[in-house]
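Trainee: With the input below, show me the fold.
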Amino acid sequence: MPIINNNFSPEDSDRIIQMAWEDRTPFEAIEFQFGLKEKDVIEFMRANSKLSSFQMWRKRMSGRSTKHLQRRVSADSRFKCTLQRSISLNKISKR
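Mentor: Below you'll find the model as predicted:
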């Protein structure tokens, strides 16, 4: 049975939920920051969401390649959006 850690502060709980809903935030980033593996995040969301919200989230997350670093086209060890560009000489690189 997965561990559901309810010892998170309200701010941390809100952040975990926010990161879980974000399309481009991988589960590995949540594990790195809060120590919750994917199945723990699922249990956390189940315990901290309404049933309809949890079901909507699960439907949205299932099969989403951006939620797993291994499924991404270019797995980057840093957790950043691929649309971010490097900033050099106070000019943002253009697409």
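Trainee: least trustworthy helix or strand in the chain by mean pLDDT?
Mentor: Lowest on mean pLDDT, DSSP states H and E among the helices and strands of the chain sits strand 87-88, with a mean of 50.
Trainee: This structure: strands as residue ranges?
Mentor: Taking DSSP state E as the test, the strands found in the chain are 87-88, 91-92.
Trainee: in stretch 19-31, what's buried?
Mentor: Neighbour-count burial for stretch 19-31, counted by 16 or more other CB atoms under 10 Å, picks out 19-20, 25-30. In this view, the C-beta of every residue, glycine as well, is placed from N, C-alpha and C.
Trainee: Identify the residues contacting Glu22.
Mentor: Listed by CB atoms under 8 Å, 6 or more residues apart in numbering, Glu22 has no contact partners.
Trainee: gap between it and Lys39?
Mentor: From Glu22 over to Lys39 the distance is 19 Å, taken as CB to CB, to the nearest Å.
Trainee: swap in Ser49?
Mentor: Taken as CB to CB, the span from Ser49 to Lys39 is 16 Å.
Trainee: Among those two, which residue is more densely surrounded?
Mentor: Ser49 (17 against 12; other CB atoms under 10 Å).
Trainee: Tell me the spatial nearest neighbour of that one, not counting adjacent residues.
Mentor: Trp57 (6.8 Å; CB to CB, 6 or more residues apart in numbering).
Trainee: Local confidence estimate at that neighbour?
Mentor: Per-residue pLDDT puts Trp57 at 93.
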